[in-house]
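Colleague: Predicted model and sequence below, questions to follow.
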2 protein chains.
Amino acid sequence: MDRREVESGRNSPESNQPAAQISRLAIDIGGSLIKMVYFSSGNDNSVDYREEKSPLAVSTALEGKLHFLKFETSKINDCLDFISSRKQLLGGWKHDDHPGSDEKFIKATGGGAYKFTNLFKEKLGITLDKEDEMDCLVTGANFLLKTVQREAFTYMDGHEEFVQIDHNDLYPYLLVNIGSGVSMIKVDGDGKYERVSGTSVGGGTFWGLGRLLTKCKSFDELLELSHRGNNRVLDMLVGDIYGGTDYSKMGLSSTTIASSFGKAISRDKELEDYKPEDISRSLLRLISNNIGQIAYLNALRFGLKRIFFGGFFIRGHAYTMDTISVAVHFWSKGEAKAMFLRHEGFLGALGAFASYEKRNLDGLLSN
Amino acid sequence: MDRREVESGRNSPESNQPAAQISRLAIDIGGSLIKMVYFSSGNDNSVDYREEKSPLAVSTALEGKLHFLKFETSKINDCLDFISSRKQLLGGWKHDDHPGSDEKFIKATGGGAYKFTNLFKEKLGITLDKEDEMDCLVTGANFLLKTVQREAFTYMDGHEEFVQIDHNDLYPYLLVNIGSGVSMIKVDGDGKYERVSGTSVGGGTFWGLGRLLTKCKSFDELLELSHRGNNRVLDMLVGDIYGGTDYSKMGLSSTTIASSFGKAISRDKELEDYKPEDISRSLLRLISNNIGQIAYLNALRFGLKRIFFGGFFIRGHAYTMDTISVAVHFWSKGEAKAMFLRHEGFLGALGAFASYEKRNLDGLLSN
């Protein structure tokens, strides 16, 4: 990173214009979504309609804000248009290897950084400077946990509680990133980590199966539907098998789910006879519960007490967080705790952003 | 058990008739299926069309055969009819507590033994003598592993290999019973076990979701379809995200499933545009892989080298066994081995059957 000289907003010719100066734009191109983080300097009060989170104010040498946007990977042209419309504002930088060139670079991570590298070059003349996906997730999570106040929280029974993280007692922890698929990473320090597990049953499964089973047009609509759903319509509970009673000898209450979607085996009902909200609820519960269980088993394996859940699947959704929390609590018999991050969907993008000037990042932001 | 005197075929008035003498009939009533095991004495060559497995010949004091049948729980009347038509042949027994009564009992396990206890009493006048579900699974598995030759086998790349089990080196092992839901039991000896985990993503999920997503009329039809399916149509692979390449730094090949059903998020296709066989294949892979992973994590937790998979979900299906084997091999880096049982669906029913006269069971059958 140190071989490149970033032209900050202060030094660029546009710095005196009223328009916001964008520099340091980074993207994380996943299987379903493109997550973008960029920095705008000056008194920028504009908010783009695609912004997912409130901008994060920055108040050090570089005054300005961090913005968080998302695009669908299948509509990558929207992302290209956005970058193109602000291309002049983007800070370029001189490359030590080619001192004469004025090539523009963007830090990029996620598999799409590889898949779409030619598209960015051809359409925008921009080079994607690739950063490893897991590196970025870990850098992003460490950065948030160490720098941003009120970032991590627990969620149980509708109650959100911020957790004060002691920087000296942060490691080791398990980072569970739920994107289209799920990665589970044991984090031992800055840049010190191991991807210990994962599962293919993730956000892409929820949205993919959900689309096939309901008429929902968007992930958010499907998630919204689950609020009003009842999982007992489709899930076969212990009580359904035991005639309403618990299986108490094994500590299984009558309301425990014995078989997800197990009641759908009934010949009396076809797909169209079920309410989309009930389908959504059972699906969300299946996936959240399954991820919580596998995460816990991995935390147990390495003796990790803290599990942080990130990734765009969660999207601050109460029932999702509740189910994951209950799963971790249930399987660990109260020993382990699920924690969530306010900027959960942007770990990778933040990590890529941080890689512009890694050495100074922790000092850059402290709001 | 010893308080009841079983009227064996030899002593009953029908023993000289050509018709097979049925005694000791036991049932395991699960959320989706009723599994039945009964003993017929004499030269019985009849095979009922509902028989799932070839009868197991018995050649000790009691000559005869063990029969293995299944019924759907939703069609429990078929099961009642079957028992009713053979009721006269069923050996009753005297009950020590009520010496005068000639009540007929059937050993029964599974949640349905509780749910349907009144139904059996009212329709057939038969009392269900309930045995605990986990007790029966463990008894059934131990019995098969210790008594029946060529029972356990490994399956990999289409190759089935029988495993010789040293009786002195059988314990501990992990028993994974995949019914509508999944139970994972650490077995330390006869009657010595602990249900350590489980998952609601099991056979009921495969058949329930499969029914909703395809027009299949039966579990077997859905399973059959998966043979011809291609999971790459619906599953999002690492290569789909990375533009065809591996994510080699993390050891993930381009063909690894990143997100099950992740490609179904595409707006270009609706449910009816996908082939049922591709849906079935992706679903089977999701569930088999997930069970294999959770089983392995539990085996690891308790240091168990052997994992036996049972339950009616497997049904000797090559691709299911292959996926479970690959999952266990992948996650354990070759350390653990998945093993299967020839009578996989009848563990609980066999355990209930064994409870008629537990003490003599191991000696009863040795074919």
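Modeller: Structure received.

Colleague: Helices of chain A, start to end?
Modeller: A:76-85, A:112-115, A:117-124, A:133-147, A:203-213, A:219-228, A:238-241, A:276-301, A:318-331, A:347-354, A:358-364 (DSSP state H).

Colleague: Just name whatever secondary elements the third one is in contact with.
Modeller: The elements that helix A:117-124 packs onto, with contact taken as 3 or more Cβ pairs under 8 Å, 6 or more residues apart in numbering or on different chains; DSSP states H and E, are helix A:76-85, strand A:104-109, strand A:126-130. (C-beta placed from N, C-alpha, C; glycine too.)

Colleague: Out of the ones you listed, which is closest to B:Ser41?
Modeller: strand A:104-109 (70.4 Å; Cβ to Cβ).

Colleague: counting contacts, what elements does that closest one pack onto?
Modeller: strand A:21-29, helix A:117-124, strand A:126-130, helix A:133-147, helix A:347-354.

Colleague: re earlier: make a markdown table from the helices and strands packed on helix A:117-124 and add mean neighbour count and mean pLDDT to it.
Modeller: Putting these into a markdown table (neighbours: other Cβ atoms under 10 Å in any protein chain shown; pLDDT from 0 to 100) gives the following:
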| stretch | mean neighbour count | mean pLDDT |
| --- | --- | --- |
| helix A:76-85 | 16 | 93 |
| strand A:104-109 | 24 | 91 |
| strand A:126-130 | 19 | 93 |
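
Colleague: surely A:Phe353 meets A:Lys107?
Modeller: Yes - A:Phe353 is in contact with A:Lys107 according to Cβ atoms under 8 Å; the separation is 6.4 Å.

Colleague: Look up the closest residue to A:Asp235, ignoring the ones flanking it.
Modeller: Once flanking residues are discounted, A:Asp235 sits nearest to A:Ile257: 4.7 Å by Cβ to Cβ, 6 or more residues apart in numbering or on different chains.

Colleague: actually A:Ser259, not the one I typed
Modeller: Nearest non-adjacent residue to A:Ser259, counting by Cβ to Cβ, 6+ apart: B:Gly204, 3.2 Å away.

Colleague: Contact residues of the stretch 251-367 of chain A facing chain B?
Modeller: A:257-267, A:270-271, A:274, A:279, A:286, A:289-290, A:293-294, A:297-298, A:300-301, A:331 (Cβ under 8 Å from any Cβ of the partner chain).

Colleague: Just the buried ones from those residues?
Modeller: Buried members of these, scored by 16 or more other Cβ atoms under 10 Å in any protein chain shown, are A:257-265, A:271, A:274, A:279, A:286, A:289-290, A:293-294, A:297-298, A:300, A:331.

Colleague: Could you chop chain A up by domain?
Modeller: What automatic domain parsing lists as the domains of chain A is A:21-134+A:347-364, A:203-234+A:274-341.

Colleague: hey, which of those domains is tucked in deepest?
Modeller: domain A:203-234+A:274-341 (a mean of 21; mean count of other Cβ atoms under 10 Å in any protein chain shown).

Colleague: Please list all residues in contact with A:Leu200.
Modeller: For residue A:200 the amino acid is Ser, not Leu. A:181-182, B:235, B:257-260, B:262, B:286, B:289 (Cβ atoms under 8 Å, 6 or more residues apart in numbering or on different chains).

Colleague: Next one: it from A:Val176, what distance?
Modeller: Computed as Cβ to Cβ, to the nearest Å, the A:Ser200 to A:Val176 distance reads 14 Å.

Colleague: swap in A:Asp235?
Modeller: Counting by Cβ to Cβ, the gap from A:Asp235 to A:Val176 is 23 Å.

Colleague: who are the neighbours in contact with the residue lying farthest from the centre of chain A?
Modeller: Within chain A, A:Gly243 marks the point farthest from the mean C-alpha position, 41.2 Å out by Cα atoms, centre = their mean. Counting by Cβ under 8 Å, 6+ apart, A:Gly243 touches B:111-112, B:114-117.

Colleague: Repeat the analysis, applying 6 Å as the threshold.
Modeller: B:114-115 (Cβ atoms under 6 Å, 6 or more residues apart in numbering or on different chains).

Colleague: Residue ranges in the stretch 251-367 of chain A under the pLDDT threshold?
Modeller: A:358-367 (pLDDT under 70).

Colleague: State the pLDDT value of A:Glu51.
Modeller: Per-residue confidence (pLDDT) for A:Glu51: 78.

Colleague: is it in a bridge, and if so with what?
Modeller: A:Leu69 (DSSP bridges).

Colleague: anything in contact with each of A:Phe353 and A:Lys107?
Modeller: Contacts common to A:Phe353 and A:Lys107, judged by Cβ under 6 Å, 6+ apart, are A:Ala26.

Colleague: can you count the residues close to the spatially closest residue to A:Gly239 that is not a sequence neighbour?
Modeller: The spatially closest residue to A:Gly239, leaving aside those adjacent along the chain, is A:Ser254, at 3.1 Å (Cβ to Cβ, 6+ apart). A count of nearby residues for A:Ser254, using other Cβ atoms under 10 Å in any protein chain shown, gives 18.

Colleague: Repeat that for A:Thr154.
Modeller: A:Thr154 has 15 nearby residues by other Cβ under 10 Å.

Colleague: Tell me what A:Met339 is bridged to.
Modeller: Residues in beta-bridge contact with A:Met339 (DSSP bridges): A:Phe308.

Colleague: Can you tell me how far it is from A:Ala141?
Modeller: From A:Met339 to A:Ala141 the distance is 11 Å (Cβ to Cβ).

Colleague: ok now do A:Pro55, which residues does it touch?
Modeller: A:65, A:67.

Colleague: residues from the stretch 101-250 of chain A in reach of chain B?
Modeller: The stretch 101-250 of chain A comes close to chain B at residues A:111, A:114-115, A:180-181, A:195, A:200-202, A:204-205, A:207-209, A:211-212, A:236, A:241-243, A:250, as judged by Cβ under 6 Å from any Cβ of the partner chain.

Colleague: leaving aside the residues next to it on the chain, what's closest to A:Lys337?
Modeller: A:Thr154 (6.1 Å).

Colleague: Do I have it right that that neighbour meets A:Gln164?
Modeller: No - using Cβ atoms under 6 Å, A:Thr154 makes no contact with A:Gln164, being 11.6 Å away.

Colleague: Where does the prediction get shaky in the stretch 101-250 of chain A?
Modeller: If you take pLDDT under 70 as the line, the stretch 101-250 of chain A has these spans: A:101-102.

Colleague: From the rest of the structure, what touches stretch A:203-217?
Modeller: So stretch A:203-217 is contacted by A:31-32, A:178-180, A:219, A:222, A:276, A:279, A:283, A:287, A:313, B:236, B:259-262, B:264-265, B:271 (Cβ under 6 Å, 6+ apart).
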